[in-house]
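Peer 1: prediction below, plus the sequence it came from.
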Amino acid sequence: MEKIENFSYVQMSCRLAFIALTELGYLTKERSQDQIGIVESHTFQYYKISMQYMFVMEFTKILEADTKDRIYSKRKWEDDENQNFSSLQKLSRRIKDSLGASFASKHEENKQILEEVRRSEFYNYIKTLRDKEFAHTNGNKENPLNIISFSTEKIMEAFKSMEMVKRVLNNCTSGYNYDFFFDYQDRRTDNFIAYHALYKSFYDKHLNQAINEGFHIKPKI
């Protein structure tokens, strides 16, 4: 796979998109009331917005078209070959160029899967967020400070779309007997929220003892 120049770019975008999506899942899952207090804190609300940005930007990078498939009037497509380097479709085409006819059917399958994702309502929703709110700003939004969080339903749709991305990536790596798993879940944030809520509950119940023993932190203003 090292021969395919943009493979590492696709790897990184897939991994970052999945990390962001997993974190958003942890921040929107059903929780006990004390854990909700942690998730709805100032810090985690900003973290949630950051993860939305990361998912939107990396997911749309992955779904970008291959520059070879653009319609050019004067320029040659080769002049823009270094653009859209995280594009799965570009990766698939470059593998086809490398492996030849043995990968042709897989490449066509990959194009069909990616086009199915691009035609979905979910992709249109994400791309609109990127084009009109995250990467660019349109002036027709009533309140620029109001960033709507992804609903649980949107997050589930995102996971389904990432499963289709995984199918394409698996097709790509199969030509080299190479496995790349971008979808392993790191549960540290989930555990942190649960543990911190437990610690806070214990601290609140024993506040006087904590103050007497020097464990009370005065917030800085």
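Peer 2: Cool, got the structure. Numbers count the residues shown, from 1 in each chain.
Peer 1: the closest residue in space to S87 that isn't next to it in sequence: what secondary structure?
Peer 2: Once flanking residues are discounted, S87 sits nearest to E64: 4.3 Å by C-beta to C-beta, 6 or more residues apart in numbering. C-betas here are computed from N, CA, C, even on glycine. Three-state call for E64 (DSSP: H, G, I helix; E, B strand; the rest coil): coil.
Peer 1: okay, and for the protein, where does confidence drop off?
Peer 2: 1-2, 71-74, 138-146, 216-221 (pLDDT under 70).
Peer 1: show me where it has helices.
Peer 2: Secondary structure of the chain (DSSP state H): helices located at 7-28, 33-39, 42-62, 88-99, 104-118, 121-129, 152-174, 188-205, 207-212.
Peer 1: can you redo those helices as JSON lines with distance to N82?
Peer 2: Listed next are the helices of the chain as JSON lines, based on distance: least, C-beta to C-beta, whole Å:
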{"stretch": "helix 7-28", "distance to N82": "11"}
{"stretch": "helix 33-39", "distance to N82": "41"}
{"stretch": "helix 42-62", "distance to N82": "14"}
{"stretch": "helix 88-99", "distance to N82": "10"}
{"stretch": "helix 104-118", "distance to N82": "20"}
{"stretch": "helix 121-129", "distance to N82": "22"}
{"stretch": "helix 152-174", "distance to N82": "19"}
{"stretch": "helix 188-205", "distance to N82": "35"}
{"stretch": "helix 207-212", "distance to N82": "57"}
